[in-house]
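Undergrad: need a 3D model of the sequence below.
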Amino acid sequence: MSIDPFRKYANGLSSPAREAFAIVPHDTAELARLPKALMVGGSGTIALRAVDSPADVALVVQAGQIVPIRAQFVRSAGTSATGLVGLA
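TA: As a prediction, this is how the structure comes out:
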């Protein structure tokens, strides 16, 4: 059994991610889990809408980049970056 010295601390927006999950871009479906950030596997563009934003934006990203944004949608149209991982 693993020992977790941080188990007593609350999970906040500025604390390290406790979960990682694959993100499959889709044009209409919301992400099932809202991430704290996105990790990028392969360079390109991410078309997304942030939680409190009224419109989509396109972000140019590099492989290995962590994008600190709470995305609600990651669109397949306009997304060329690959290996997207949600961090929550």
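Undergrad: secondary structure class for the most centrally placed residue in the chain?
TA: Closest residue to the average C-alpha location of the chain: Leu38 at 2.8 Å, with Cα atoms, centre = their mean. Classification of Leu38 by DSSP: H, G, I helix; E, B strand; the rest coil places it in strand.
Undergrad: please report the distance of it from Glu19.
TA: Applying Cβ to Cβ, to the nearest Å, the value for Leu38 to Glu19 is 13 Å. Backbone N, C-alpha and C define where each C-beta goes, glycine included.
Undergrad: in stretch 21-30, what counts as buried?
TA: 23, 25 (16 or more other Cβ atoms under 10 Å).
Undergrad: same question but for stretch 33-52, I mixed them up
TA: Buried-residue list, stretch 33-52, by 16+ other Cβ under 10 Å: 35-40, 44, 46-49.
Undergrad: what of stretch 64-81?
TA: 65, 67, 69-71, 73-75, 78-79, 81.
Undergrad: ends of it, how far apart?
TA: 11 Å (Cα to Cα, to the nearest Å).
Undergrad: cool, stretch 71-79 as well?
TA: 13 Å.
Undergrad: per-residue pLDDT, the residue nearest to Leu13 when sequence neighbours are not counted?
TA: Of all residues not flanking Leu13 in the chain, Lys36 sits nearest, at 6.1 Å (Cβ to Cβ, 6 or more residues apart in numbering). The per-residue pLDDT reported for Lys36 equals 96.
Undergrad: in its sheet, what does the longest strand seen in the chain sit against?
TA: If you go by DSSP state E, the chain has its longest strand at strand 44-50. Using DSSP bridges, the strands paired with strand 44-50 are strand 57-61 (antiparallel), strand 71-75 (antiparallel).
Undergrad: could you name every residue contacting both of Leu38 and Glu19?
TA: Jointly contacting Leu38 and Glu19 under the rule Cβ atoms under 8 Å, 6 or more residues apart in numbering are 86-87.
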